[in-house]
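**Student:** got a sequence here, can you build the structure:
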Amino acid sequence: MRNGRTLLLNDAGPPNDAGPPNDAGPPNDAGSRRPSLPGAGPVLAAIVLAFAVAACGASNPTGAPSPPKGIVLASPAAVAAAAQPTATGRDDSPAAAATVVRVYFDRINAASTGGRVADLSDLALSGCQPCTTDVTATRTFADQGLHADVGSLLATGIKAQPRLANSISVRFTLIVRPQRLLTAAGQVNSAYQGQNPRAGTAVLALTPNGWRIQTFVYAGNPT
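**Tutor:** Reported below is the predicted structural model:
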(Lines give C-alpha, C1' and ligand atoms only; values in the text may rest on other atoms or scores of the structure.)
Protein backbone atom coordinates (compact mmCIF):
# COMPACT_ATOMS: atom_id res chain seq x y z
CA MET A 1 0.00 0.00 0.00
CA ARG A 2 1.48 3.31 -1.03
CA ASN A 3 0.02 6.79 -0.72
CA GLY A 4 -3.16 5.44 0.83
CA ARG A 5 -3.78 3.00 -2.06
CA THR A 6 -3.84 -0.72 -1.71
CA LEU A 7 -2.23 -2.96 -4.20
CA LEU A 8 -4.31 -5.80 -5.53
CA LEU A 9 -3.09 -8.77 -7.45
CA ASN A 10 -4.92 -11.51 -9.18
CA ASP A 11 -4.47 -15.15 -9.93
CA ALA A 12 -6.43 -17.53 -12.06
CA GLY A 13 -6.33 -20.71 -10.03
CA PRO A 14 -8.40 -21.87 -7.06
CA PRO A 15 -7.58 -20.68 -3.58
CA ASN A 16 -4.94 -23.34 -2.97
CA ASP A 17 -1.71 -22.00 -4.31
CA ALA A 18 -3.70 -19.37 -6.00
CA GLY A 19 -6.61 -17.78 -4.29
CA PRO A 20 -10.05 -17.74 -5.87
CA PRO A 21 -10.71 -15.40 -8.79
CA ASN A 22 -13.69 -13.09 -9.36
CA ASP A 23 -14.28 -9.47 -8.52
CA ALA A 24 -14.25 -7.29 -5.47
CA GLY A 25 -11.97 -7.13 -2.51
CA PRO A 26 -10.66 -4.55 -0.16
CA PRO A 27 -10.95 -1.14 -1.68
CA ASN A 28 -9.41 -0.73 -5.16
CA ASP A 29 -10.17 -1.93 -8.67
CA ALA A 30 -9.61 -5.34 -10.24
CA GLY A 31 -8.81 -4.91 -13.87
CA SER A 32 -7.18 -1.75 -12.79
CA ARG A 33 -6.97 -3.53 -9.54
CA ARG A 34 -3.77 -5.29 -10.28
CA PRO A 35 -0.93 -2.89 -9.66
CA SER A 36 2.47 -4.50 -9.55
CA LEU A 37 4.07 -4.89 -6.17
CA PRO A 38 6.94 -2.53 -5.62
CA GLY A 39 9.79 -4.43 -4.08
CA ALA A 40 7.80 -7.17 -2.44
CA GLY A 41 4.35 -5.93 -2.78
CA PRO A 42 1.86 -4.02 -0.67
CA VAL A 43 0.51 -4.79 2.68
CA LEU A 44 -1.76 -7.77 2.55
CA ALA A 45 -4.66 -6.16 4.25
CA ALA A 46 -4.41 -3.20 2.06
CA ILE A 47 -5.12 -5.69 -0.57
CA VAL A 48 -8.48 -6.19 0.88
CA LEU A 49 -9.24 -2.55 1.40
CA ALA A 50 -8.04 -1.10 -1.84
CA PHE A 51 -10.20 -3.37 -3.85
CA ALA A 52 -13.51 -2.64 -2.23
CA VAL A 53 -13.42 1.09 -2.44
CA ALA A 54 -13.05 1.17 -6.16
CA ALA A 55 -15.25 -1.80 -6.71
CA CYS A 56 -18.07 -0.73 -4.46
CA GLY A 57 -17.69 2.98 -4.51
CA ALA A 58 -18.96 3.86 -1.06
CA SER A 59 -20.78 0.78 0.07
CA ASN A 60 -22.95 1.00 3.13
CA PRO A 61 -20.91 -0.08 6.17
CA THR A 62 -24.13 -1.13 7.87
CA GLY A 63 -26.45 -3.67 6.37
CA ALA A 64 -24.93 -6.34 4.20
CA PRO A 65 -23.84 -4.45 1.10
CA SER A 66 -24.64 -5.92 -2.26
CA PRO A 67 -21.70 -7.36 -4.21
CA PRO A 68 -19.87 -4.68 -6.20
CA LYS A 69 -21.18 -4.05 -9.69
CA GLY A 70 -19.79 -6.55 -12.14
CA ILE A 71 -19.39 -9.33 -9.60
CA VAL A 72 -21.19 -12.53 -10.40
CA LEU A 73 -21.77 -14.77 -7.43
CA ALA A 74 -21.47 -18.48 -8.00
CA SER A 75 -24.55 -20.46 -8.98
CA PRO A 76 -25.60 -23.39 -6.76
CA ALA A 77 -24.05 -25.79 -9.28
CA ALA A 78 -20.79 -23.86 -9.34
CA VAL A 79 -20.72 -23.73 -5.56
CA ALA A 80 -21.08 -27.49 -5.33
CA ALA A 81 -18.42 -28.06 -7.98
CA ALA A 82 -15.96 -25.69 -6.37
CA ALA A 83 -16.37 -27.02 -2.85
CA GLN A 84 -13.27 -28.63 -1.40
CA PRO A 85 -13.56 -31.61 0.97
CA THR A 86 -12.71 -30.98 4.61
CA ALA A 87 -12.09 -33.21 7.58
CA THR A 88 -14.76 -31.49 9.68
CA GLY A 89 -17.58 -31.92 7.18
CA ARG A 90 -20.52 -29.55 6.78
CA ASP A 91 -21.54 -27.07 9.45
CA ASP A 92 -24.18 -24.65 8.23
CA SER A 93 -24.52 -22.57 11.40
CA PRO A 94 -23.91 -18.79 11.42
CA ALA A 95 -21.15 -19.39 13.98
CA ALA A 96 -19.36 -21.64 11.50
CA ALA A 97 -19.54 -18.90 8.85
CA ALA A 98 -17.97 -16.42 11.27
CA THR A 99 -15.23 -18.94 12.01
CA VAL A 100 -14.43 -19.31 8.30
CA VAL A 101 -13.88 -15.55 8.04
CA ARG A 102 -11.73 -15.47 11.16
CA VAL A 103 -9.58 -18.36 9.97
CA TYR A 104 -9.24 -16.69 6.54
CA PHE A 105 -7.46 -13.66 7.98
CA ASP A 106 -5.39 -15.83 10.32
CA ARG A 107 -4.20 -17.90 7.33
CA ILE A 108 -3.23 -14.85 5.27
CA ASN A 109 -1.33 -13.33 8.18
CA ALA A 110 0.44 -16.59 9.05
CA ALA A 111 1.49 -17.10 5.43
CA SER A 112 2.84 -13.56 5.05
CA THR A 113 4.87 -13.71 8.27
CA GLY A 114 6.04 -17.23 7.45
CA GLY A 115 7.12 -16.39 3.91
CA ARG A 116 4.91 -19.01 2.28
CA VAL A 117 1.88 -19.16 -0.01
CA ALA A 118 -1.48 -19.15 1.78
CA ASP A 119 -3.75 -22.15 1.20
CA LEU A 120 -7.43 -21.12 1.23
CA SER A 121 -8.80 -24.16 -0.57
CA ASP A 122 -11.05 -25.10 2.35
CA LEU A 123 -12.23 -21.55 3.01
CA ALA A 124 -13.04 -19.84 -0.30
CA LEU A 125 -14.57 -20.57 -3.68
CA SER A 126 -12.43 -20.34 -6.79
CA GLY A 127 -14.41 -17.30 -7.91
CA CYS A 128 -13.43 -15.10 -4.97
CA GLN A 129 -11.35 -12.30 -6.51
CA PRO A 130 -10.16 -10.64 -3.29
CA CYS A 131 -9.13 -14.06 -2.00
CA THR A 132 -7.02 -14.53 -5.11
CA THR A 133 -5.49 -11.14 -4.52
CA ASP A 134 -4.48 -12.00 -0.96
CA VAL A 135 -3.01 -15.35 -1.99
CA THR A 136 -1.08 -13.71 -4.83
CA ALA A 137 0.45 -11.25 -2.37
CA THR A 138 1.69 -14.09 -0.16
CA ARG A 139 3.10 -15.81 -3.23
CA THR A 140 4.93 -12.64 -4.24
CA PHE A 141 6.53 -12.40 -0.81
CA ALA A 142 7.54 -16.07 -0.87
CA ASP A 143 8.92 -15.91 -4.43
CA GLN A 144 11.14 -13.00 -3.45
CA GLY A 145 12.33 -14.70 -0.28
CA LEU A 146 10.63 -12.13 1.92
CA HIS A 147 8.38 -12.34 4.95
CA ALA A 148 6.38 -9.78 6.91
CA ASP A 149 7.30 -8.76 10.43
CA VAL A 150 3.62 -8.77 11.40
CA GLY A 151 0.33 -9.90 9.91
CA SER A 152 -1.21 -6.72 8.56
CA LEU A 153 -4.85 -7.82 8.43
CA LEU A 154 -6.57 -7.38 11.78
CA ALA A 155 -10.27 -8.26 11.61
CA THR A 156 -12.29 -7.38 14.70
CA GLY A 157 -15.95 -7.60 15.68
CA ILE A 158 -16.57 -10.58 13.37
CA LYS A 159 -20.29 -11.31 13.48
CA ALA A 160 -22.50 -13.44 11.24
CA GLN A 161 -25.84 -12.03 10.12
CA PRO A 162 -29.07 -14.05 9.84
CA ARG A 163 -28.80 -16.78 7.26
CA LEU A 164 -30.65 -16.35 3.95
CA ALA A 165 -31.31 -19.73 2.35
CA ASN A 166 -27.86 -20.96 1.24
CA SER A 167 -25.97 -17.73 1.75
CA ILE A 168 -24.91 -15.59 4.68
CA SER A 169 -23.09 -12.33 5.33
CA VAL A 170 -20.45 -11.89 8.01
CA ARG A 171 -19.61 -8.35 9.08
CA PHE A 172 -16.37 -7.18 10.64
CA THR A 173 -14.04 -4.21 10.94
CA LEU A 174 -10.70 -4.48 9.17
CA ILE A 175 -7.62 -2.64 10.36
CA VAL A 176 -4.52 -2.67 8.18
CA ARG A 177 -1.51 -2.54 10.45
CA PRO A 178 1.89 -1.09 9.47
CA GLN A 179 4.08 -3.81 8.02
CA ARG A 180 7.71 -4.31 7.05
CA LEU A 181 8.95 -6.94 4.62
CA LEU A 182 12.17 -8.61 5.70
CA THR A 183 14.77 -10.76 3.99
CA ALA A 184 15.80 -14.14 5.38
CA ALA A 185 18.67 -12.31 7.08
CA GLY A 186 16.26 -9.96 8.80
CA GLN A 187 17.08 -6.90 6.70
CA VAL A 188 14.23 -4.52 5.88
CA ASN A 189 13.33 -4.68 2.21
CA SER A 190 10.35 -2.31 2.29
CA ALA A 191 7.80 -0.85 4.68
CA TYR A 192 4.12 -0.02 4.35
CA GLN A 193 1.84 2.26 6.31
CA GLY A 194 -1.29 1.10 8.06
CA GLN A 195 -4.86 2.11 7.24
CA ASN A 196 -7.73 3.33 9.37
CA PRO A 197 -10.45 0.85 10.37
CA ARG A 198 -12.91 0.05 7.61
CA ALA A 199 -16.22 -1.83 7.74
CA GLY A 200 -16.23 -5.04 5.74
CA THR A 201 -18.69 -7.78 4.82
CA ALA A 202 -17.83 -11.28 3.69
CA VAL A 203 -20.43 -13.03 1.52
CA LEU A 204 -20.43 -16.80 1.96
CA ALA A 205 -22.23 -19.61 0.13
CA LEU A 206 -23.25 -22.92 1.64
CA THR A 207 -21.62 -25.86 -0.14
CA PRO A 208 -21.79 -29.62 0.55
CA ASN A 209 -18.76 -29.13 2.80
CA GLY A 210 -19.89 -26.06 4.69
CA TRP A 211 -19.54 -22.29 4.24
CA ARG A 212 -17.15 -20.93 1.61
CA ILE A 213 -16.29 -17.28 0.98
CA GLN A 214 -17.57 -15.91 -2.33
CA THR A 215 -16.34 -12.33 -2.03
CA PHE A 216 -15.62 -9.40 0.28
CA VAL A 217 -17.22 -5.96 0.19
CA TYR A 218 -15.67 -2.98 1.98
CA ALA A 219 -17.03 0.43 2.91
CA GLY A 220 -15.77 3.35 0.86
CA ASN A 221 -14.83 5.42 3.90
CA PRO A 222 -12.93 4.52 7.10
CA THR A 223 -15.08 4.07 10.18
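
**Student:** so G114 versus G127, what's the distance?
**Tutor:** Summarising the geometry, the distance separating G114 from G127, computed by C-beta to C-beta, to the nearest Å, is 26 Å. Just so you know, the C-beta spots here come from the backbone N, C-alpha and C atoms, and that holds for glycine as well.

**Student:** more neighbours: those two, which one.
**Tutor:** Per other C-beta atoms under 10 Å, whichever of G114 and G127 has more neighbours is G127, with 26 against 15.

**Student:** buried residues in the top strand by length along the chain?
**Tutor:** If each strand of the chain is counted by residues according to DSSP state E, the longest one is strand 195-207. By 16 or more other C-beta atoms under 10 Å, the buried positions in strand 195-207 come out as 195, 197-207.

**Student:** stretch 96-104 now?
**Tutor:** Buried-residue list, stretch 96-104, by 16+ other C-beta under 10 Å: 96-101, 104.

**Student:** in JSON lines, list these along with pLDDT.
**Tutor:** Below are these laid out as JSON lines (pLDDT from 0 to 100):
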{"residue": "A96", "pLDDT": "97"}
{"residue": "A97", "pLDDT": "97"}
{"residue": "A98", "pLDDT": "97"}
{"residue": "T99", "pLDDT": "97"}
{"residue": "V100", "pLDDT": "98"}
{"residue": "V101", "pLDDT": "98"}
{"residue": "Y104", "pLDDT": "98"}
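
**Student:** of the residues you listed, closest to G151?
**Tutor:** Y104 (11.9 Å; C-beta to C-beta).
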